[in-house]
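**Q** coordinates only, sequence not included:
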């Protein structure tokens, strides 16, 4: 936090600086190399703004970071990382990490096992050299976030399913969706339960078919003609204005009848008049696609009149359509040039041209699925697998909680879709009956470290939502972090304790 004197100096400096002298690029990384290397460099000691307060609390240095062991309900000693006295980074599970961990935040290294599990699941899918659409159940979990981001970085189209633990956080679903480039996306667990809808979504992403039928000028013209005839029937020329006849009925007392008629004239004056009669055969014969485009251009002229405040022009769309049928006008070829593809400034039915790059790119065939084993899913899968007959399985599902049934149904939807496409299904973060677990190797740990490393431009391939508790300053924060991590609906962030 800056002092008030500093804030005043900054604000005065900003006021003195002109608009045209402000730097457009504040980060030297974005400047050309030839320009950046000529910057004058001068080593100076930072000048403290105020004298140090001897009574101020001095924060303790952070030398270790720990994840939370949810099952044991305590701070984890294995999923932890510490800085040794000689400056080396030592992980509680993988030992000394070496130079690969130099550019990785300490809080991220506490989540290294989960990131390596996500990398292991992706490695198993890519063993056959497959690149395509990858589905990830539990996309907001630590392992799932790693799988989603690493798969996207490797060129896969990812469909992430955010479990019920975090799908109640609308922002979290959007954050995961933002981590996945198009054509991939992320959906809540509740969406994956609707197996037909989820299958249509995944197959549409894999094939590039958005399910949107193309239109042509004739279809648009037929819709317009049908709407115009319905309008003429609803508001004929016999009405004083294009309003519902019920609005003009007098339902008051006899003494107010004259006043009602006087006010009604002012009320109806704000509406356009009724539509003149139009014969359907003449409309089909004389009102062509070219006249429809001319008709639409009249709205741009009216928009200009309204914006400029010129309301003296009479504007009634049905009357304009009748005038065009009586005296057809030519379309401005300079605006609607159909001799070559061009991007119009407004929607037009005459030139049905889409710019290059606007088509939906196919994600490729389904390459596989990664299922993160959550507590709800593990409980449900174990109960169903223990039952032998179909009746016993139905009874087992009946006695599960809603969250457990929801997780089992959504994960089954993901697995069934991958199996139908002949793609493998792997679990990470645990084991499920009937599915193959992907075990993390040293290569997966290295891949996770490379993804966590901060690049020169400040970006990383692998990001996490971390909530850190500084137990180095306040030791009781460790117990509070365990409480927050183990409570019901703990939230979408990964809780890390620093000491």
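**A** Happy to help now that I have it. Only a predicted model underlies this, so the values are computations on that prediction, with no experimental measurement involved.

**Q** so for the helix or strand residue 144 falls within, what's the average pLDDT?
**A** Per DSSP states H and E, residue 144 falls inside helix 142-153. Throughout helix 142-153, pLDDT has a mean value of 91.

**Q** do stretch 365-381 as well
**A** 90.

**Q** so what does the helix holding residue 144 touch, helix or strand wise?
**A** Packing contacts for helix 142-153, counted by 3 or more C-beta pairs under 8 Å, 6 or more residues apart in numbering; DSSP states H and E, involve helix 112-125, strand 133-137, strand 157-162, helix 170-179, strand 366-372, strand 425-428, helix 442-452. Quick note: C-beta positions are derived from backbone N, CA and C, even for glycine.

**Q** could you report the distance from residue 257 to residue 250?
**A** Residue 257 is 6 Å from residue 250, where distance means C-beta to C-beta, to the nearest Å.

**Q** for residue 287, the count of nearby residues, please.
**A** Per other C-beta atoms under 10 Å, the neighbour tally for residue 287 reads 21.

**Q** which intervals of the stretch 101-250 of the chain have sub-threshold pLDDT?
**A** Along the stretch 101-250 of the chain, the model assigns pLDDT under 70 to residues 211-214.

**Q** if we use 50, what do you get?
**A** Of all residues in the stretch 101-250 of the chain, none has pLDDT under 50.

**Q** distance across stretch 204-216, terminal residue to terminal residue?
**A** 23 Å (C-alpha to C-alpha, to the nearest Å).

**Q** what's the answer for stretch 159-179, then?
**A** Note: stretch 159-179 ends 11 Å apart using C-alpha to C-alpha.

**Q** flag every buried residue along it.
**A** Within stretch 159-179, the residues that qualify as buried are 159-167, 169, 172-173, 175-177, 179, counting by 16 or more other C-beta atoms under 10 Å.

**Q** burial of residue 191, as a residue count?
**A** When neighbours are counted by other C-beta under 10 Å, residue 191 comes out with 17.

**Q** typo on my end, residue 121
**A** Residue 121 sits with 34 neighbouring residues when counted by other C-beta under 10 Å.

**Q** would you confirm that it contacts residue 438?
**A** Yes. In this structure, residue 121 is within contact of residue 438 by C-beta atoms under 8 Å, at 4.4 Å.

**Q** and residue 166, that one's in a helix?
**A** Yes. Counting by DSSP: H, G, I helix; E, B strand; the rest coil, residue 166 is part of a helix.

**Q** for residue 186, see how far away it is.
**A** From residue 166 across to residue 186, the span is 11 Å (C-beta to C-beta).

**Q** over to residue 151?
**A** Note on residue 151: its distance to residue 186, by C-beta to C-beta, is 12 Å.

**Q** what is in contact with those two at once?
**A** Taking C-beta atoms under 8 Å, 6 or more residues apart in numbering as the criterion, residue 151 and residue 186 both touch residue 158.

**Q** so what's in contact with residue 121 and residue 438 at the same time?
**A** Between them, residue 121 and residue 438 share the contacting residues 370, 426, 427, 428, judged by C-beta under 8 Å, 6+ apart.

**Q** distance from stretch 136-145 to the middle of the chain?
**A** On the basis of C-alpha atoms, centre = their mean, to the nearest Å, stretch 136-145 sits 16 Å off its chain's mean C-alpha point.

**Q** and that stretch, how far apart are its ends?
**A** One end of stretch 136-145 to the other measures 9 Å (C-alpha to C-alpha).

**Q** would you mark the buried spots in whichever strand or helix holds residue 258?
**A** Using DSSP H and E, residue 258 falls within helix 257-268. By neighbour count on 16+ other C-beta under 10 Å, the buried set for helix 257-268 is residue 268.

**Q** contacts for that helix?
**A** The contact list for helix 257-268 (C-beta under 8 Å, 6+ apart) reads 240, 241, 243, 248, 250, 252.

**Q** mind doing that once more with 10 Å?
**A** 239-243, 247-253, 256 (C-beta atoms under 10 Å, 6 or more residues apart in numbering).

**Q** now list the buried members of these.
**A** 239, 241, 242, 243.

**Q** surely the last one forms part of a strand?
**A** Okay, so that is residue 243. No. Under the criterion used here (three-state DSSP), residue 243 is coil, not part of a strand.

**Q** and it, how close does it get to residue 325?
**A** Residue 243 is 25 Å from residue 325, by C-beta to C-beta.

**Q** kindly report the same for the first one.
**A** According to C-beta to C-beta, residue 239 stands 21 Å off from residue 325.

**Q** among the contacts of helix 257-268, find me the one that's closest to residue 221.
**A** For the contacts of helix 257-268, the residue nearest residue 221 by C-beta to C-beta is residue 242; the value is 22.6 Å.

**Q** can you get me the start-to-end distance on stretch 308-324?
**A** Stretch 308-324 end-to-end distance (C-alpha to C-alpha) = 26 Å.

**Q** what average pLDDT does that stretch get?
**A** Average pLDDT, stretch 308-324: 82.

**Q** what comes up buried for that stretch?
**A** Buried-residue list, stretch 308-324, by 16+ other C-beta under 10 Å: 317, 318, 319, 320, 321, 322, 324.

**Q** any chance of CSV for the residues you listed, columns distance to residue 392 and secondary structure?
**A** Below are the buried residues of stretch 308-324 laid out as CSV (distance: C-beta to C-beta, whole Å; DSSP: H, G, I helix; E, B strand; the rest coil):
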residue, distance to residue 392, secondary structure
317, 67, helix
318, 69, helix
319, 74, helix
320, 72, helix
321, 69, helix
322, 74, helix
324, 73, helix
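
**Q** between the residues you listed, which is closest to residue 488?
**A** Residue 488 has its nearest neighbour among those in residue 317, at 58.5 Å by C-beta to C-beta.

**Q** make CSV out of the shared contacts of residue 121 and residue 438 and add distance to residue 56.
**A** Putting the shared contacts of residue 121 and residue 438 into CSV (distance: C-beta to C-beta, whole Å) gives the following:
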residue, distance to residue 56
370, 48
426, 52
427, 50
428, 46
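
**Q** from those residues, which is closest to residue 305?
**A** Among the shared contacts of residue 121 and residue 438, and counting by C-beta to C-beta, the member closest to residue 305 is residue 370, at 58.9 Å.

**Q** that closest one: neighbour count?
**A** Residues near residue 370, counting by other C-beta under 10 Å: 34.

**Q** against residue 155, how distant is the residue nearest to it when sequence neighbours are not counted?
**A** Of all residues not flanking residue 370 in the chain, residue 121 sits nearest, at 4.0 Å (C-beta to C-beta, 6 or more residues apart in numbering). Separation of residue 121 from residue 155 (C-beta to C-beta) stands at 16 Å.

**Q** so where do the strands sit in the protein?
**A** 64-69, 74-83, 89-91, 95-96, 133-137, 157-162, 185-188, 366-372, 425-428, 436-437, 466-470, 494-498 (DSSP state E).
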